[in-house]
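>>> have a look at this prediction, sequence included:
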Amino acid sequence: MARQAAEEQLKAVRKKLQLERLHPLPRKIIVGVVGGVCFIAGVVMIFTPGPALVFIPLGVLLLATEFPWAERWFHRMKQAIHKARVRWRWRRRRRAQARS
């Protein structure tokens, strides 16, 4: 289910960026450079002030539009985010019950 939603999200990004109009080689170069810069900037922002939690997924998402290895990373990242969200909601509910 989550994998199917991720596939639909990647298709929407590919359509939005209109990358199909470019020749495959320049498209891979452009996506690789822009996605790589976003990802590296996000990693740097972990140690400096900045929205690292925005730039790292953005970089991986851009790279996933062209590269299979990045698509696997994107799916793993999406699963990890989902698990973290479930754990956070569970803890929040447990704390609310403890206060009551």
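Happy to help now that I have it.
>>> contacting residues for residue 38?
Contact analysis of residue 38 by CB atoms under 8 Å, 6 or more residues apart in numbering lists 55-56, 58-59, 62. For glycine as for every other residue, the C-beta is placed from the backbone atoms N, C-alpha and C.
>>> tell me the one of those nearest residue 13?
Checking these against residue 13 with CB to CB, the nearest one is residue 62 at 7.7 Å.
>>> of the contacts of residue 38 - the most surrounded one?
Using other CB atoms under 10 Å as the neighbour criterion, residue 62 leads those with 25 neighbours.
>>> any idea which element it lies in?
In this structure, residue 62 sits in helix 52-64 according to DSSP states H and E.
>>> mean confidence score for that helix?
On average, the pLDDT along helix 52-64 is 91.
>>> which residues are contacting that helix?
So helix 52-64 is in contact with 9-10, 13, 31-32, 34-46, 70-71, 73-74, 77, 81, going by CB under 8 Å, 6+ apart.
>>> after that helix, next one along is what?
helix 68-99.
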